[in-house]
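Enquirer: Here is my input, please return the structure:
(chains A and B)
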Amino acid sequence: MSQQQSQPTTVTDSAGEPLRYENSSGNDEALAPDGSLVAPWQQLLSRMEEIGSNGLADRTDKIKRILRDDGAIYNASGGSLVWGLDPLPIILTADQWRELELGLIERAQLLDFILKDLYGNQEIIRRGLVPPEVIYSHPGFIRACHHTHLPGKHQLILYAADLIRSPDGQIMVLGDRTQAPSGSGYALENRLVMQRVFPAQFRESGIRMLRGFFNTLRAQMVRLAPEKNLRNGEGPRVVILTPGAYSETFFEHAFLANYLGYPLVQGKDLTVRKGHVWMKTLDGLSRVDVILRRVDDNYCDPVELRGDSQLGVPGLLEVVRAGNVSVANPLGSGILEAGALMKYLPAISQHFFGKQLRLPSAPTYWCGDPDDLQYVIANLRQLRIKPAQHHFDSHAVYGSSLSEGDLNELSLAIQQNPNNYVAQEYVQPSYGPCWRNNSLQPRPFALRTFAVADDQGYQVMPGGLTRAAANARDQRISNQLGAISKDTWIQLAQGEEDLGAASSTSVLVNRTVDISLPSRVVENLFWVGRYAERSDMTIRLLRTVFMQINGANQLPPEAERQLLYSVTQLTMTYPGFMKAGSDVFKDPEKELLSVILDQERTGSVCSSLRAMLRSASEVREMLSSDTQRVMNDIDDELGQLHIQLRTGMASAPEESLDPLVTALLALGGLFNESMFRGMSWHFLEIGRGIEKIYQLATLMRSLLVVECQQEESNAVCVESILATTEGLTTFRRRFRNDASLYNVLATLMLDRTNPRSLIYQLEQIQRYLTTLPKNAITAPESPREQRALIEAISIVQLADLNQLAAINPTSAVRQQLDQLLVRLQELMEYMAGAISEVYFDHTAGPQQLLQNPWQID
Amino acid sequence: MLYRIRHITRYQYVSPVSLAYNSACLLPRNTEYQTCLDHHLSISPKASVLAKRKDYFGNNTYNFCLEESHRELKVDIQSTVRTADVRLIDMDLDIGNTWEESLRLLHEARDETTLRAREFALDSSVIRANSELADYARPSFTQGRPLLSAVRDLTHRIYTDFAYDPGFTTVSTPLADVLKHRRGVCQDFAHLAIGCLRSLGFACRYISGYLETLPPPGQEKLVGSDASHAWFSVYSPQEGWFEFDPTNDNMPSQQHITTAWGRDYNDVAPLKGVIFEGGGAQTLSVSVDVQRLES
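Expert: As a prediction, this is how the structure comes out:
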């Protein structure tokens, strides 16, 4: 590989137009010193050439589409970014890979040894191999984890390393990831997408599969289960612990949970009782044996670790200590990410194993060492400096990017607290071809590789997560700065079979029963249902109101007023149009716009839809990719809505709402067509049903209870409620000219053929309620939610429509109708409350014990 | 001396607590100078799980979980401890390594004990080295002075310069405030001395325990009138750990009973935990009795 390539290399042995690739910036994976393509790249690029640049552009779009539909995102500090995948993979030959694999295994073994030692005898400190400060002042060294052990011979279960190839061709490690290494799920997603977009190219290239790695991971999770937990021959329960939907890599947590078949849980879904960890499920507590965690060490247990953490499981560490649950990676493993430790790895390897590391680290300096300090101060410009106590590279500073003043400041800070700084030689990573702006362009890249412990040693994923910088000159390769990922293809050797893929290791299946969902999940689905219906009814009403007030015929002021009241009442955005003596009626569109767009107003379209999207994102792993796509569309439409309504209010605002109505319809369809009729679906449907009934009752109270003075106004109200509830066409057909209130009430309340009628929805709910787990077993009385429902059904069924339609002559109000509807709303609220109490989790807290305010001596 | 110690901690909550996880660091450890002969722990309500272990620093620690609804948590621990009468109470402190020599050895010696003692020279959660603390300590560290003599002098100065004021500080009062206002209680003085010494580069431990108090002549000793206590020790390479009590301006004697040690209070907090449900306002009361059984 060379520094300079003068001749552009073209691939010409195919039908498509030639793809040109040249790189004058530095060492390139694809190019030989003379600028020609090296073997695997030659083949890869000629396969890509058959597709042609237009074809590649198309497939790039297809990749984007799939990633989006899969909900593949990365939550950066500024918001979430759609995961980016370059259509060109990085390709490594079998020989290159074999050497790398050996180096990674050796390194994983060394780190495993150090981990055991640090939480045991601390020989590396006793023997003076590592200065005590490197370990003892690092927050990743957790004293509470002293003498905790996982079953089996390994403590470090998952290991990831960030690699680059230096200008002299040596592959080196920039950082070790040992706490809760992320990226393997993204690597798998990349692979699945590539296989869909480039099926032929992938097949023909003879590439190793990733499946074997994940099979090993699953087998290892089974091995980690505490033996004493599994006396009855049952399989272990493994869960994935996530910090939640807002964590950077939540997509991957949900994706891996689905792929591996493990429930995805948050700290609050778990509880410690009787010395074990349990998952709170719909039908009670269910024991957890292994936790694959994505929560950082210090956040895992507020009792013994960070007291302010809301992400952990109080009491977890004590259960670990007792050997009643296994956590992978074990708590405390973050210490291996201490930057300064890298400097001492060669000495430790030499001392205990008598060998050099095959896979070296980038040259690392710890300023607590006097010689290193001197070197670092003298060479700040070509170093990458980071605080010794941080795990993350994001805190690193590049000396070359600092001004003279900043450099001096940094130099002073280092000299004041040398122990707190680590520096690494900046090594220019090698380049690889990327597809940018419709051409091949060189970009520096880094590769994250993954290893998992097995009963022999470590198995390395044959592939990994490559990330290429956004620009050719970028020093830092980070998702936040626009880096794009690449699939990583490892070639099979000539005649080699892919053993990893073939071994369908008989993995013990997780004890999965449908009802063993964390209760938080069903709670969120329940709310997805409620918010979806709430938004739906609001949007439909607003659409009707816009059409009425902007219609060809001038509305009677009385009718307009009644319609606007109903908007405020349905959305509960008081005072809104209900404000006495208000001039909102002079320019009702302003208030109507606010009811649509103002996210800060609870009840507005935007706020309800955002709430729905939030609940949905909490349970992303439960939603099909089509559902995910519709959710994305709704998200997009919300953005569009602002633009359309703010600019072109005059031209039919109701039309701007149409796409949302359609999207919500699609969502309803998906709930019905593509969800399994399990517990989660029942809760979702109960949520929808309760909300539909509640909203219809509100609307009826707004538009039918008060009798207007003019007959025309009453007609407008009736027409509006029927239009909003999609009943107008049918109603007209059936009743022709008889829009009597009797017929209207019959349609909205008692018509079993109308899916929006009260009776239809009530009877639906009744069907779902009987399937809920707790209803199968309880006391002789019916449960509370059941009783509320029975009452609701009875009052609707026993309704005397003539009486309900009757008007109190003094107040011009249909009092009986109003009473019935109010009671119905009460019953719905009561039912929702009872369901929530029985099935959802309400543990309040946690709260720290007060500490003794010194009263001592 | 032979002592019986009873230490009762009570938490009362306004509303019932349904679930609690706690750890207690209350049982005296064995040391070079003392042996715990027996002990009895009782927790109310009954713990669903109770486990005893030695923590990272070798202290006795109990972890327990409460799963019964309760408005009051009571942890009652009794122990019998024999303290040795050979302590270096009257030792000549003008011998041994100079402080300069100790400091050099601490950072250069390669023996295991010294390497591991360096853990105690580093910042910890509530004690951070800084130049004000170093400045306060420096007058005691005159050129060529033996380390122990210098530390004894620092202890004495803290005793004279600082007012004992139980109303002034809480567990979360920063060391800077203690230094500024020149007042505090035993934990503050121990933290202060440790902060001063660490700011100069020395390794120090925070020690929690008890001190036998004697009633004024002619009066009966009141039950529950004793209190837990805190002091510190400093490490001198090749010589060992030496304890000092800045609150009482002395070196701990047979009347000091050690419970636990660590880098600071947080490592040895007597009782900590997390409670669920209820709780709300909590009230905490502690009663300690140190009763001498034999002289």
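Enquirer: only C-alpha atoms for contact and neighbour calcs from this point on.
Expert: OK.
Enquirer: which residue is nearest the centroid of chain B?
Expert: Chain B has B:Ser208 as the residue nearest its centroid, 2.1 Å off, counting by C-alpha atoms, centre = their mean.
Enquirer: residues making contact with the one helix or strand A:Gln109 maps to?
Expert: Secondary structure from DSSP states H and E places A:Gln109 in helix A:94-118. Contacts to helix A:94-118, defined as C-alpha atoms under 8 Å, 6 or more residues apart in numbering or on different chains, come from residues A:123-124, A:154-156, A:159, A:161, A:171, A:333, A:335-336, A:349, A:357-359, A:451, A:457-460, A:490-493.
Enquirer: Which members of these are classed as buried?
Expert: Among these, the ones that count as buried by 16 or more other C-alpha atoms under 10 Å in any protein chain shown are A:124, A:154-156, A:159, A:161, A:171, A:333, A:335-336, A:349, A:357-359, A:451, A:458-460, A:490-492.
Enquirer: can you narrow these to ones near chain B?
Expert: Of the residues in the buried ones among the contacts of helix A:94-118, proximity to chain B by C-alpha under 8 Å from any C-alpha of the partner chain holds for none.
Enquirer: Cross these against helices and list the overlap.
Expert: Using DSSP state H, the members of the buried ones among the contacts of helix A:94-118 that fall within helices are A:Ile124, A:Ser349.
Enquirer: okay but A:Thr602 is in contact with A:Ser608, surely?
Expert: Yes: using C-alpha atoms under 8 Å, A:Thr602 is in contact with A:Ser608, at 7.2 Å.
Enquirer: Just the CA trace of stretch A:201-216, in CSV.
Expert: Coordinates of the C-alpha atoms in stretch A:201-216 are reproduced here as CSV (Å, rounded to 0.1, in the frame of the first residue of the first chain):
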residue,chain,number,x,y,z
GLN,A,201,-22.9,-9.5,-5.2
PHE,A,202,-22.9,-10.8,-1.7
ARG,A,203,-23.4,-14.4,-2.7
GLU,A,204,-20.8,-14.4,-5.4
SER,A,205,-18.2,-12.8,-3.1
GLY,A,206,-18.0,-15.8,-0.7
ILE,A,207,-18.5,-13.9,2.5
ARG,A,208,-18.6,-15.3,6.0
MET,A,209,-22.0,-15.0,7.8
LEU,A,210,-22.5,-13.3,11.1
ARG,A,211,-25.2,-15.7,12.4
GLY,A,212,-22.6,-18.0,14.1
PHE,A,213,-21.5,-15.2,16.4
PHE,A,214,-25.0,-14.6,17.6
ASN,A,215,-25.6,-18.3,18.1
THR,A,216,-22.5,-18.4,20.3
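Enquirer: Flag every buried residue along that stretch.
Expert: Across stretch A:201-216, burial judged by 16+ other C-alpha under 10 Å covers A:201-202, A:205-216.
Enquirer: now, which of those lie within helices?
Expert: Members of those lying in helices (criterion: DSSP H): A:Gln201, A:Phe202, A:Arg211, A:Gly212, A:Phe213, A:Phe214, A:Asn215, A:Thr216.
Enquirer: ok, longest strand in chain A?
Expert: Assignment by DSSP state E gives strand A:439-453 as the longest strand of chain A.
Enquirer: got the angle between that one and helix A:94-118?
Expert: 40 degrees (axes from the mean of the first three to the mean of the last three C-alpha atoms, to 10 degrees).
Enquirer: Please name the strands paired to strand A:439-453 in the sheet, noting orientation.
Expert: Paired strands of strand A:439-453, with direction, are strand A:158-165 (antiparallel), strand A:431-436 (antiparallel), strand A:458-460 (antiparallel), strand A:465-468 (antiparallel) (DSSP bridges).
Enquirer: just those: most buried one?
Expert: Across those, the average number of neighbours (mean count of other C-alpha atoms under 10 Å in any protein chain shown) peaks for strand A:465-468, which reaches a mean of 27.
Enquirer: show me the residues around A:Ala257 that make contact.
Expert: Applying C-alpha under 8 Å, 6+ apart to A:Ala257 gives the contacts A:Val239, A:Ile240, A:Pro263, A:Leu264, A:Glu621.
Enquirer: for B:Leu115, same thing?
Expert: B:Leu115 touches A:Ile125, A:Arg126, A:Gly128, A:Pro131, A:Pro132, B:Leu106, B:Ala109, counting by C-alpha under 8 Å, 6+ apart.
Enquirer: who touches stretch A:454-466?
Expert: Identification of contacts with stretch A:454-466 by C-alpha under 8 Å, 6+ apart yields A:90, A:101, A:104-105, A:108-109, A:152-153, A:183-184, A:186-187, A:208-210, A:212-213, A:216-217, A:219-220, A:445-453, A:485-490.
Enquirer: who in the stretch 201-350 of chain A is up against chain B?
Expert: Near chain B, when you scan the stretch 201-350 of chain A using C-alpha under 8 Å from any C-alpha, you find A:Arg273, A:Lys274, A:Gly275, A:Pro302, A:Val303, A:Glu304, A:Pro314, A:Gly315, A:Glu318.
Enquirer: my read is the fifth one is in a helix, agree?
Expert: No: when classified by DSSP: H, G, I helix; E, B strand; the rest coil, A:Val303 is found to be coil rather than part of a helix.
Enquirer: Do you know the pLDDT at it?
Expert: On pLDDT, A:Val303 comes in at 90.
Enquirer: That one contacts B:Ala20, correct?
Expert: No: counting by C-alpha under 8 Å, A:Val303 sits too far from B:Ala20 to count as a contact (9.6 Å).
Enquirer: Single out the residue in the stretch 251-400 of chain A that lies closest to chain B.
Expert: Relative to chain B, the nearest point of the stretch 251-400 of chain A is A:Val303 (5.3 Å; C-alpha to the nearest C-alpha).
Enquirer: Chain neighbours aside, what residue packs nearest to residue 57?
Expert: Just going to use chain A. Of all residues not flanking A:Ala57 in the chain, A:Asn438 sits nearest, at 6.6 Å (C-alpha to C-alpha, 6 or more residues apart in numbering or on different chains).
Enquirer: not what I meant, chain B
Expert: Spatial nearest neighbour of B:Phe57, excluding adjacent residues (C-alpha to C-alpha, 6+ apart): B:Gly262 at 6.3 Å.
Enquirer: What's the local residue count around A:Thr753?
Expert: Residues lying near A:Thr753 (other C-alpha atoms under 10 Å in any protein chain shown) number 10.
Enquirer: Next up, the contacts around it.
Expert: By C-alpha under 8 Å, 6+ apart, A:Thr753 lies in contact with A:Tyr760.
Enquirer: Assign a three-state SS to it, would you?
Expert: Following three-state DSSP, we place A:Thr753 in the coil state.
Enquirer: ok, the helix or strand encompassing A:Tyr365: who's next to it in the sheet?
Expert: Using DSSP H and E, A:Tyr365 falls within strand A:364-366. Counting by DSSP bridges, the strands paired with strand A:364-366 are strand A:421-425 (antiparallel).
Enquirer: Flag every buried residue along the partner strand.
Expert: Under the neighbour-count criterion of 16+ other C-alpha under 10 Å, strand A:421-425 has A:Tyr421, A:Val422, A:Ala423, A:Gln424, A:Glu425 buried.
Enquirer: what pLDDT, on average, does stretch B:46-63 get?
Expert: Stretch B:46-63 carries an average pLDDT of 96.
Enquirer: ditto for stretch A:491-505
Expert: Averaged across stretch A:491-505, the pLDDT comes to 70.
Enquirer: likewise stretch A:582-601?
Expert: Mean pLDDT, taken over the full extent of stretch A:582-601, equals 88.
Enquirer: For it, give me every contacting residue.
Expert: Stretch A:582-601 has contacts (C-alpha under 8 Å, 6+ apart) with A:542, A:561, A:564, A:571, A:573, A:576-577, A:603-607, A:641-642, A:645.
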